[in-house]
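sequence? don't have it. structure:
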């Protein structure tokens with residue numbers, strides 16, 4: 001069986017732009033939080049900067065279900081096996097419920113310890129504790145959202161999840177000031193949206209929850225997109241996951257074999273940044289900590305979703321090509337994905353250089369925070385080409401279900417960031433500049449190694465062998 005036609009740039013772009021939009025909208029939740037909590041002060045923004053890395057750690061657990069969903073749904077779609085596709089989605093639901101149970105039961109208990117590990121000053125620490133406790137209790141929609149998104153990517157539709165995210169982000173923008181400030185929103189933030197939200201909160205009798213309201217707003221918004229997404233999977237693709245909810249240990253193990261290495265990579269990424277904050281960044285002062293948080297959440301929150309969109313398009317095409325047992329189509333998808341990633345990375349490099357002097361002014365009123373963020377954005381521009389290529393090749397391996405080797409590359413590159421950042425930032429005396437260059441250097445290393453892993457081609461050989469073995473099984 002083959003896909004029956006050549007794959008090229010147009011095929012990747014058709015999937016990439018809605019996928020990139022979806023990931024951009026995912027980042028918009030963090031940007032939205034950074035914007036609306038500014039009325040609570042710099043300590044609240046510093047807390048959100050630290051919460052970003054805890055959120056990444058949480059996502060490492062969420063990806064246990066999402067990673068396997070993408071690869072196996074894509075293979076089943078390529079093999080024209082809707083029964084297996086539906087079973088994959090059903091087992092992802094079980095894994096998602098297990099993850100939420102861990103979050104809801106252990107998250108609030110672990111929150112004080114997580115906050116303590118970051119060694120923040122008392123005020124940012126208090127804000128972070130409130131934020132995380134709320135996040136864990138209301139995390140069920142956040143757990144299921146990536147499962148739904150990755151199921152759509154697997155079947156080759158990135159437009160529907162992007163439209164759902166658009167609606168959810170609009171809802172989140174409206175709900176955030178309501179749930180953070182209540183009827184007093186205009187007393188904290190001078191913005192027309194705050195006036196509208198304040199009036200709605202007053203009409204509904206809602207008092208603000210402070211920073212704890214931000215995760216509640218996100219959860220309510222994601223509940224909308226998850227519910228609508230499940231309905232769309234049924235209506236558009238006939239996915240009847242609810243008819244296959246009998247627990248299937250063999251399929252769950254297969255999904256976890258794909259998802260666990262990626263989850264470990266994400267967890268190490270979060271751990272590295274947590275260590276970087278503790279060992280290097282926090283001692284350099286709150287402005288540097290805020291610069292890292294705003295730079296990651298806002299500016300790289302703009303670029304990285306674009307890279308993810310391109311990479312996920314490649315993952316979908318590669319997974320379906322393997323399911324269809326068409327190696328030529330798989331390599332065509334690889335080449336097209338890399339080519340588009342190159343163009344996008346070059347564009348973001350130029351954009352970062354241009355906006356570095358002016359962009360940070362919109363996310364802080366503190367002159368030193370603005371200055372440090374401008375430096376961060378200008379320096380990190382130099383690695384955007386490599387980050388784009390790293391993401392493309394890593395997601396190609398994810399689509400093929402070949403994630404264990406990619407995990408070791410990520411662990412090596414990310415693990416080097418703490419000692420290298422400490423050496424350049426502290427020992428060599430370069431301060432924040434040394435830390436930012438350490439991030440650039442390790443991005444180059446990871447990009448080179450991920451490219452090499454894809455180029456070897458073992459992911460394709462093993463993927464085709466698995467599909468052949470399943471088809472020949474009685």
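Yep, it's here. Predicted model, so just to flag it, every value in this text is computed and none were measured.

now do the contacts for residue 118.
By CB atoms under 8 Å, 6 or more residues apart in numbering, residue 118 lies in contact with 50, 125, 128, 274, 277-278, 282. Quick note: C-beta positions are derived from backbone N, CA and C, even for glycine.

for residue 351, give its distance to residue 243.
Using CB to CB, to the nearest Å, one obtains 47 Å as the distance from residue 351 to residue 243.

looking at the two, which one has more neighbours?
Summary of the neighbour comparison: residue 351 and residue 243, criterion other CB atoms under 10 Å, with residue 351 having more neighbours (17 against 11).

just say helix, strand or coil for the more buried one.
Three-state call for residue 351 (DSSP: H, G, I helix; E, B strand; the rest coil): helix.

please report how far it lies from residue 80.
Here residue 351 is placed at a distance of 41 Å from residue 80 (CB to CB).

check residue 55 too.
Taking CB to CB, one finds residue 55 at 38 Å from residue 80.

residue 125 too?
Between residue 125 and residue 80 the computed distance is 54 Å (CB to CB).

residue 13 now?
Taken as CB to CB, the span from residue 13 to residue 80 is 24 Å.

again, but for residue 421
From residue 421 over to residue 80 the distance is 49 Å, taken as CB to CB.

likewise residue 337?
Counting by CB to CB, the gap between residue 337 and residue 80 amounts to 23 Å.

between residue 421 and residue 80, which is the more surrounded one?
For residue 421 and residue 80, the more surrounded residue by other CB under 10 Å is residue 421, and the numbers stand at 26 against 10.

pretty sure the more buried one sits against residue 441.
No: here residue 421 lies out of contact with residue 441, judged by CB atoms under 8 Å, at a distance of 9.8 Å.

what's the strand or helix carrying residue 18 packed up against?
Assignment of secondary structure by DSSP states H and E places residue 18 within helix 9-36. Taking 3 or more CB pairs under 8 Å, 6 or more residues apart in numbering; DSSP states H and E as contact, the helices and strands that helix 9-36 lies on are helix 42-78, helix 140-155, helix 159-181, helix 213-237, helix 300-323, helix 327-355.

buried stuff in that helix?
When burial is assessed from 16 or more other CB atoms under 10 Å, helix 9-36 yields the following buried residues: 11-12, 15-36.

likewise stretch 352-359?
Within stretch 352-359, the residues that qualify as buried are 352, 355-356, 359, counting by 16+ other CB under 10 Å.

can you show me the helices along the stretch 351-474 of the chain?
Along the stretch 351-474 of the chain, the segments classed as helices by DSSP state H, counting those that start in this stretch run 367-380, 384-399, 404-415, 417-422, 432-456, 458-472.

and the second one, what does it pack onto?
Think helix 384-399. Taking 3+ CB pairs under 8 Å, 6+ apart as contact, the helices and strands that helix 384-399 lies on are helix 42-78, helix 300-323, helix 327-355, helix 404-415, helix 432-456.

if you set the cut-off to 10 Å instead, what comes out?
In terms of contacts (3 or more CB pairs under 10 Å, 6 or more residues apart in numbering; DSSP states H and E), helix 384-399 is packed against helix 42-78, helix 140-155, helix 249-276, helix 300-323, helix 327-355, helix 404-415, helix 432-456, helix 458-472.

which of these sits closest to residue 91?
Nearest to residue 91, of all the helices and strands packed on helix 384-399, is helix 249-276, at 5.0 Å by CB to CB.

now for the residue lying closest to residue 291 once chain neighbours are set aside, how many residues are close by?
Sequence neighbours aside, residue 372 is the residue nearest to residue 291 in space, at 3.6 Å (criterion: CB to CB, 6 or more residues apart in numbering). The local packing of residue 372 (other CB under 10 Å) involves 27 other residues.

residues contacting residue 372?
Residues counted as contacts of residue 372 (CB atoms under 10 Å, 6 or more residues apart in numbering) are 284-292, 294-295, 360, 364, 366, 431-432, 436.

report the buried members of these.
The neighbour-count criterion (16+ other CB under 10 Å) marks 284, 286-292, 294-295, 360, 364, 366, 431-432, 436 among the contacts of residue 372 as buried.

that older thread, CSV for the helices and strands packed on helix 384-399, including distance to residue 222?
Written out in CSV, the entries for those read as follows (distance: least, CB to CB, whole Å):
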stretch, distance to residue 222
helix 42-78, 11
helix 140-155, 4
helix 249-276, 19
helix 300-323, 16
helix 327-355, 26
helix 404-415, 26
helix 432-456, 29
helix 458-472, 32
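
to residue 229, which of those helices lies closest?
With respect to residue 229, and counting by CB to CB, the nearest of the helices and strands packed on helix 384-399 is helix 140-155 at 3.8 Å.

off-centre distance for that closest one?
Computed by CA atoms, centre = their mean, to the nearest Å, the separation of helix 140-155 from the middle of its chain amounts to 12 Å.

so where is the stretch 1-150 of the chain shaky, pLDDT-wise?
Filtered on pLDDT under 70, the stretch 1-150 of the chain yields the residue ranges 1-7, 38-39, 52-53.

try 80 this time
Across the stretch 1-150 of the chain, the ranges flagged by pLDDT under 80 are 1-8, 23-57, 65, 67, 117-121.

and residue 109, what does it touch?
By CB under 10 Å, 6+ apart, the contact list for residue 109 reads 133, 136.
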